[in-house]
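Chemist: Here is a sequence together with a model predicted from it:
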Amino acid sequence: MWASDVQEVYRNYKGFYSIVLMALVDANYQFLYVDVGANGASSDGGVFARTDRREALENETIGLPFPDPLPNDDKDMPYFIMGAEALPLKTWLMKPIPQRNLTRQQCILNYRLSRGRTVVENVFGLLASRF
């Protein structure tokens, strides 16, 4: 591969060079998993598909906690990861419903997932402010 070809795979959809940093964070603003190094031309779904974390989640070897009731409830609720629309829907990965003309319940689900994902945005904002 020529040097110019290598450079092009690191050019993202916005036209500048980048390296992808994909992370899993918890509600306490702590990084639980970080994957760095995929080229900027890669999609989020493609990067995630190649991580060892995805493989561990698929094989159920990651050790997610057992389902627990939510506060003020007695029904067990499984633990899951909240992700972007680009990621696949799985029993352990929730993502927004991508269609238009959503029902009220679907809008509420998307809103709640969005609220949960603001923690991720805040963590990256805090990280960026450090550098």
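Modeler: Thanks, I have the structure now. Quantities reported herein were computed from a predicted structural model and do not represent experimental measurements.

Chemist: drop to CA atoms for contacts and neighbour counts, all remaining ones
Modeler: OK.

Chemist: Run through the chain and note the low-pLDDT ranges.
Modeler: Scanning the chain for pLDDT under 70 picks out 1-6.

Chemist: residue nearest the centroid of it?
Modeler: Most central in the chain under CA atoms, centre = their mean is G83, positioned 3.7 Å from the mean C-alpha point.

Chemist: didn't that one look like it was pressed against W92?
Modeler: No - with contact defined as CA atoms under 8 Å, G83 does not reach W92; the gap is 10.1 Å.

Chemist: Could you tell me how far I81 is located from L102?
Modeler: 22 Å (CA to CA, to the nearest Å).

Chemist: what do you get for T118?
Modeler: 21 Å.

Chemist: which residue sits closest to L70 in space, ignoring its chain neighbours?
Modeler: Of all residues not flanking L70 in the chain, M77 sits nearest, at 6.7 Å (CA to CA, 6 or more residues apart in numbering).

Chemist: What number of residues are in the vicinity of the one you found?
Modeler: Number of residues near M77 (other CA atoms under 10 Å) recorded here: 12.

Chemist: Hmm, T91 and it touching each other?
Modeler: No - M77 is beyond contact range of T91, at 11.7 Å (criterion: CA under 8 Å).

Chemist: now T61, what's its secondary structure?
Modeler: coil (DSSP: H, G, I helix; E, B strand; the rest coil).

Chemist: Start at 177, not 1
Modeler: Okay, residue one is now 177; in that scheme the one you just asked about reads as T237.

Chemist: Please name the nearest non-neighbouring residue to V185.
Modeler: A217 (5.4 Å).

Chemist: my guess is the one you found meets N188, correct?
Modeler: Yes - counting by CA under 8 Å, A217 does reach N188; the two are 4.6 Å apart.

Chemist: what number of residues lie near M270?
Modeler: 19.

Chemist: What of the one 3 residues further on?
Modeler: Other residues near I273 number 14, with proximity taken as other CA under 10 Å.
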